[in-house]
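**Q** attaching a predicted model along with its sequence, questions to come.
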Amino acid sequence: LILFARVWIPDPEEVWKSAELLKDYKPGDKVLLLHLEEGKDLEYRLDPKTKELPHLRNPDILVGENDLTALSYLHEPAVLHNLRVRFIDSKLIYTYCGIVLVAINPYEQLPIYGEDIINAYSGQNMGDMDPHIFAVAEEAYKQMARDERNQSIIVSGESGAGKTVSAKYAMRYFATVSGSASEANVEEKVLASNPIMESIGNAKTTRNDNSSRFGKYIEIGFDKRYRIIGANMRTYLLEKSRVVFQVILHFSIPSSGWV
């Protein structure tokens, strides 16, 4: 049996398509003969300027890894394919990339944030269990208690990616493991404390009707027993390029006074 390399080639509709080399590449070749998964053969012309070869595809045994750094080839099509397989085939929205947690917004409620799940991740080392926002929160909480130093979790993503929800679940985890959950829903209180300035910094996008154009810094305070004693939220870095107009409110005072 002769096994030829499998590669990824760009596609205008599917972004990336998988193909198999039908003939070994030799330096100087301008065309690659490929066999697409749907059964068609294709002559793929290399860019005469860059002469870059297509990205190699990972072996099937690695597809679906819960840590992207375990892949033999780590590039855009490999990352997207691995995330797609985990999300569509296994209904898994979380994947590690080293110490980074990649999350896919399922745009629906999933039964993976209950108190039983929180208890399962409490006290565990990051990597011992399946990727989860609770694993990241536990690592930060554990290091804060062990080293007695402030910790930060950076939540980043485009509009509608689920940043606010991820922050909410992280705060819920802190409240539960610290024993503060019964006193108040800390995540709801913090999120409800958005300053009125949000009203001039939000914008409608294709994925979010009320997308904030501010960066947010949420600070949660703990006492010596590592229980939540308070929190505050600060906004910064308003994306001025997204603010296209300013709402001007006009008030009129009747002659008889205020009504």
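**A** Perfect, I can see it now. Numbers count the residues shown, from 1 in each chain.
**Q** so what's the nearest residue in space to residue 106 that is not next to it in sequence up against?
**A** Leaving aside its sequence neighbours, residue 106 sits nearest to residue 93 (C-beta to C-beta, 6 or more residues apart in numbering; 5.4 Å). Every C-beta, even on glycine, is put in place using the N, C-alpha and C of the backbone. Residue 93 makes contacts with 87, 103-106, 110, as judged by C-beta atoms under 8 Å, 6 or more residues apart in numbering.
**Q** give the contact list for residue 48.
**A** Contact partners of residue 48, counting by C-beta under 8 Å, 6+ apart, are residue 30.
**Q** so which helix or strand takes in it?
**A** When elements are assigned from DSSP states H and E, residue 48 belongs to no helix and no strand.
**Q** going along the chain, name the strands of the stretch 151-259 of the chain.
**A** Residue ranges of the strands in the stretch 151-259 of the chain, as given by DSSP state E, counting those that start in this stretch, are 202-203, 211-212, 215-222, 228-236.
**Q** tell me which of these lies nearest to residue 60.
**A** strand 211-212 (38.4 Å; C-beta to C-beta).
**Q** quick one: mean pLDDT for the closest one?
**A** Averaging the model's pLDDT scores along strand 211-212 yields 72.
**Q** residue 68 and residue 81, how far apart?
**A** Taking C-beta to C-beta, to the nearest Å as the measure, residue 68 falls 11 Å from residue 81.
**Q** rewinding a little: residue 167: which of the strands of the stretch 151-259 of the chain is closest?
**A** Shortest distance between residue 167 and the strands of the stretch 151-259 of the chain, using C-beta to C-beta, is found for strand 215-222: 6.3 Å.
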